[in-house]
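J.: Quick one: sequence and predicted model below, then my questions.
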Amino acid sequence: MIGRFLALVVGGVLLLLSFSLVVPIGGSQVPEAADFDDAFELGLTDTTLQEAQDQGYAIPRVQVYYSGYQYVVGFNGLEAYVAEQDRTGHSRQFGQPVEIFVTDFGTADPSLTDDGYLQTEDTPNFVPADGTHVVVGSEARLPSGPVAVPFEDRDAAQTFAGEHGGQVIDWADLEDHVSPRQPLTRERFQREVANRSAWANETVVDAQALRDRPTSVVVGEDAPTLEAAIAQAPPDTTIVLPAGTYETDGLVVNRSITIEGQGPTTRIRGDGNGSVLALTAPEVGLVNLSIDGVGPVGSRGTTVNGSEPEDIGWSERIELAYGRGDAAVKVVDANGSLVADVRIESPSSGLIVTDSAGATLRDLNVTITRGSDDGFMGVVAMYDPIVIEDSRFRGGRDGVYTHRADGIVVRNSAFRDGRFGVHEMYTSEALIANNEMRNEQTGVIVMTHPVGNMIVGNDVRNSRVGVSTAGSNAYYAENVLVDNQRGIDVLGYQSLIERNTIVGNDAGFRTSLGPPTNLVTANDVVDNDRASRSTLGVLRVWTVRGEGNYWGPMPAADDDGDGHYDRTFRPTGSVDGQLHDANGAWTLARSPAFQLVRSVQDNVPGLRSGGVIDTAPRTAPARPDVLQAAQNGTATTEGST
């Protein structure tokens with residue numbers, strides 16, 4: 001009787017599951033190339049895509065129908081296609097390619113600009129990839145680097161190679177000639193974190209030397225005003241600013257000197273009609289003082305280089321919106337400059353830093369006096385890498401906002417009561433490390449499909465979202481995310497998310513409908529209302545090389561002693577998702593009928609429903625001491641640097 005009942009239960013479940021299967025192709029029907037805008041896109045940053053669109057550059061593209069994924073996947077660049085095929089876990093998530101299409105440049109009249117950028121007279125059409133030919137190693141490139149160029153006709157490929165160099169290969173040999181990105185491994189990213197940290201350390205040491213310049217002018221003794229002192233001081237010397245309030249309608253520091261106050265009692269005050277100070281020379285120092293009297297909220301430039309807004313490019317439009325407004329300090333073309341031990345109150349931005357490679361901002365205390373809806377930024381960083389460290393930001397829209405500031409380092413700082421703590425836009429290869437965020441809408445948010453960012457060791461609590469991911473080839477590790485609405489929004493692609501401590505959130509993770517290409521492993525996810533919320537229809541396997549995550553105790557054993565439970569865990573499932581807080585969920589998960597159904601699902605991939613599955617959940621935390629501290633409410637910013 002029991003056996004018959006179990007058979008009926010299993011049969012019913014399998015029948016229901018059969019209706020949920022999504023088959024991308026019906027019967028023997030061969031799919032056609034889709035409109036590329038309708039595909040899930042991978043590869044290239046939004047910066048490169050914007051530049052290509054503005055300048056008319058042509059992007060070689062691939063689109064693939066996979067046996068185990070119900071949506072067509074589009075790749076910007078053949079290099080991105082190769083990188084995904086080589087990614088750990090790719091076949092398990094996607095299955096095998098059913099049909100591959102590639103753009104044919106043979107009928108599009110391709111050529112190169114003087115800088116080698118690929119362009120065409122006509123729009124390339126998609127053709128079946130099998131039997132096509134690819135030119136590799138030519139002079140063709142995009143702003144992101146060299147590109148392989150595909151052709152349906154071999155003679156057309158040979159003609160292109162004869163004009164622009166390179167070798168013609170068959171499509172079947174593509175993966176042997178196009179190198180994928182470096183693998184998504186802990187060892188690789190830890191080296192990159194160490195390298196970026198070393199660069200930041202050297203940059204700070206160089207900038208700190210600006211505090212050691214000899215004194216040349218003391219305001220009030222050797223010069224009557226700060227403006228007169230700036231005009232009088234020789235390069236590579238220090239102006240000493242005694243305690244007191246120094247009023248100005250805006251000062252420009254256009255030589256390599258240091259201005260040093262005597263602490264909070266030294267105050268530079270603007271007249272409320274614009275920016276207070278502009279540093280416009282390399283290696284300017286501004287240290288140990290306070291600044292207020294900044295211009296009103298919303299005061300922005302109206303032209304860029306004399307052009308009206310409708311005549312400028314996409315990047316300049318963003319600069320116009322955020323980089324041309326009022327600020328306590330504007331740092332422009334001031335490579336290697338230092339702003340340190342400075343206290344700022346501003347209804348506009350605190351500091352705007354543009355085209356100032358290697359500038360250092362440290363020991364700042366910036367308060368934006370308007371709220372997150374109508375305030376501005378603590379720091380706006382544009383176009384070059386700088387270092388921001390050991391600082392405190394309160395209020396406003398974003399503590400730190402970046403635009404094309406590739407390689408920026410923001411570390412060991414505190415953010416309170418703003419919209420976003422650190423907001424990365426069009427910025428790649430940044431290091432955001434060991435910061436503390438409280439009462440933010442989002443602690444760290446990455447946007448616009450950048451590459452190579454490293455978000456490590458941050459502590460975010462009492463916010464709407466702890467960390468929101470985006471882009472690809474990134475590293476999100478050793479962050480502590482406690483008492484937020486959501487711990488991590490997994491929105492990016494082809495990134496490694498590991499060793500994060502996620503405790504007491506409404507949802508530990510939230511995933512989107514995008515391709516399941518991230519590696520999620522060795523995270524400690526406990527005591528959340530839901531371990532993960534996920535858009536159904538897409539299966540995500542969060543186990544990497546046999547290493548899963550710690551979700552708390554399981555109704556199972558570790559018979560082989562490998563540190564993993566002998567069962568899968570589905571944090572988005574109706575039973576496992578309530579395992580630790582719903583009455584009866586633990587008992588139901590141990591029932592023979594449920595275990596039989598799960599066994600069938602685990603061994604028949606086509607019967608797996610969407611959501612998240614961990615095939616090797618850990619029996620113990622990856623970072624037990626950090627987990628215990630988080631559960632006890634103790635703050636920590638123990639990161640990788």
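T.: That came in fine, so what should we check first?

J.: residues touching the residue nearest to residue 86 when sequence neighbours are not counted, list them.
T.: Nearest non-adjacent residue to residue 86, counting by Cβ to Cβ, 6 or more residues apart in numbering: residue 180, 4.2 Å away. C-beta here means a position set from N, CA and C on the backbone, and glycine is covered the same way. When contacts are counted by Cβ atoms under 8 Å, 6 or more residues apart in numbering, residue 180 touches 79, 82, 83, 85, 86.

J.: ok, now which ones touch the fourth one?
T.: Read it as residue 85. Residue 85 touches 175, 180, counting by Cβ under 8 Å, 6+ apart.

J.: pLDDT score assigned to it?
T.: Reported pLDDT at residue 85 in the predicted model: 92.

J.: Can you pull the phi/psi pair for it?
T.: Main-chain torsions, residue 85, degrees, to the nearest 10: phi -60, psi -30.

J.: How far away from the center of its chain is stretch 561-575?
T.: A distance of 29 Å separates the centroid of the chain from that of stretch 561-575, by Cα atoms, centre = their mean, to the nearest Å.

J.: so what's residue 608 scoring on pLDDT?
T.: Residue 608 is given a pLDDT of 51.

J.: What helix or strand is the residue nearest in space to the middle of the chain located in?
T.: Centroid-nearest residue in the chain, with Cα atoms, centre = their mean: residue 446, separated by 3.8 Å. In the assignment (DSSP states H and E), residue 446 maps to strand 442-447.

J.: Would you map out the domains in the protein?
T.: The chain breaks down into these domains under automatic domain parsing: 31-177, 190-400, 434-572+610-641.

J.: Deepest-packed of those domains, please.
T.: domain 434-572+610-641 (a mean of 22; mean count of other Cβ atoms under 10 Å).

J.: got the end-to-end distance for stretch 220-227?
T.: 12 Å (Cα to Cα, to the nearest Å).

J.: Contacts for it next, please.
T.: In contact with stretch 220-227 (Cβ under 8 Å, 6+ apart) are residues 216-217, 219, 229, 232, 239, 241-242, 244, 246, 248, 251, 259, 268.

J.: returning to what we had before: among the domains of the chain, which comes closest to residue 580?
T.: Nearest to residue 580, of all those, is domain 434-572+610-641, at 5.5 Å by Cβ to Cβ.

J.: Centre of the chain to that closest one, how far?
T.: 15 Å.

J.: which residues are contacting the helix or strand where residue 197 lies?
T.: Counting by DSSP H and E, the element that carries residue 197 is helix 186-208. With contacts defined as Cβ under 8 Å, 6+ apart, helix 186-208 is touched by 182, 285, 336-338, 340, 358-360, 362, 385, 387, 389, 407, 409, 411, 429, 431, 433, 452, 454, 456, 475, 477, 496, 498, 640-641.

J.: switch to 7 Å and redo it
T.: Outside helix 186-208, the residues that touch it by Cβ atoms under 7 Å, 6 or more residues apart in numbering are 182, 336, 338, 358, 360, 362, 387, 389, 409, 431, 454, 456, 475, 496, 498, 640-641.

J.: Equivalent analysis for stretch 471-480, please.
T.: By Cβ under 7 Å, 6+ apart, stretch 471-480 touches 42, 45, 181, 189, 446, 449-460, 466-467, 469, 488, 492-501, 626, 630, 636, 638-640.

J.: taking the mean pLDDT, what do you get for that stretch?
T.: Rounded mean pLDDT across stretch 471-480 is 97.

J.: now swap in stretch 252-261 and tell me
T.: On average, stretch 252-261 scores 98.

J.: roughly how far is that stretch from the heart of the chain?
T.: 35 Å.

J.: Would you mind measuring the gap between the ends of that stretch?
T.: OK, stretch 252-261 end separation, Cα to Cα: 17 Å.

J.: which outside residues touch that stretch?
T.: Counting by Cβ under 7 Å, 6+ apart, 210-211, 213, 230, 233, 235-241, 277-289 sit against stretch 252-261.

J.: Any stretches of the protein with poor pLDDT?
T.: For the chain, the stretches with pLDDT under 70 are 1-30, 297-311, 535-537, 582-585, 588-591, 593-610, 636-641.

J.: and the contacts of residue 180, which of them are in helices?
T.: 79, 82, 83, 85 (DSSP state H).

J.: Closest one to residue 73 out of those residues, please.
T.: Checking the ones in helices among the contacts of residue 180 one by one against residue 73 (Cβ to Cβ), the nearest turns out to be residue 85, at 11.0 Å.

J.: re the thing from before, okay, and which of the contacts of stretch 220-227 map to helices?
T.: Reading helices off those with DSSP H, I get 229, 232.

J.: and which of the contacts of stretch 220-227 is nearest to residue 483?
T.: Nearest to residue 483 among the contacts of stretch 220-227, with distances taken as Cβ to Cβ, is residue 268, at 39.2 Å.

J.: That closest one and residue 294 touch, don't they?
T.: No: here residue 268 lies out of contact with residue 294, judged by Cβ atoms under 7 Å, at a distance of 10.6 Å.

J.: any residues in contact with both of those two?
T.: With Cβ under 7 Å, 6+ apart, residue 268 and residue 294 have common neighbours residue 276.

J.: OK, contacts around the residue nearest to the centre of the chain?
T.: Under the criterion of Cβ under 7 Å, 6+ apart, the contact list for residue 446 reads 424, 453, 468, 469, 470, 471, 492.

J.: Need these in JSON lines (columns: distance to residue 32 and secondary structure).
T.: Putting these into JSON lines (distance: Cβ to Cβ, whole Å; DSSP: H, G, I helix; E, B strand; the rest coil) gives the following:
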{"residue": "424", "distance to residue 32": "37", "secondary structure": "strand"}
{"residue": "453", "distance to residue 32": "36", "secondary structure": "coil"}
{"residue": "468", "distance to residue 32": "35", "secondary structure": "strand"}
{"residue": "469", "distance to residue 32": "33", "secondary structure": "coil"}
{"residue": "470", "distance to residue 32": "30", "secondary structure": "coil"}
{"residue": "471", "distance to residue 32": "30", "secondary structure": "coil"}
{"residue": "492", "distance to residue 32": "29", "secondary structure": "coil"}
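
J.: With respect to residue 550, which of those residues is nearest?
T.: Minimum distance to residue 550 across the contacts of residue 446 is 20.1 Å, recorded for residue 469 (Cβ to Cβ).
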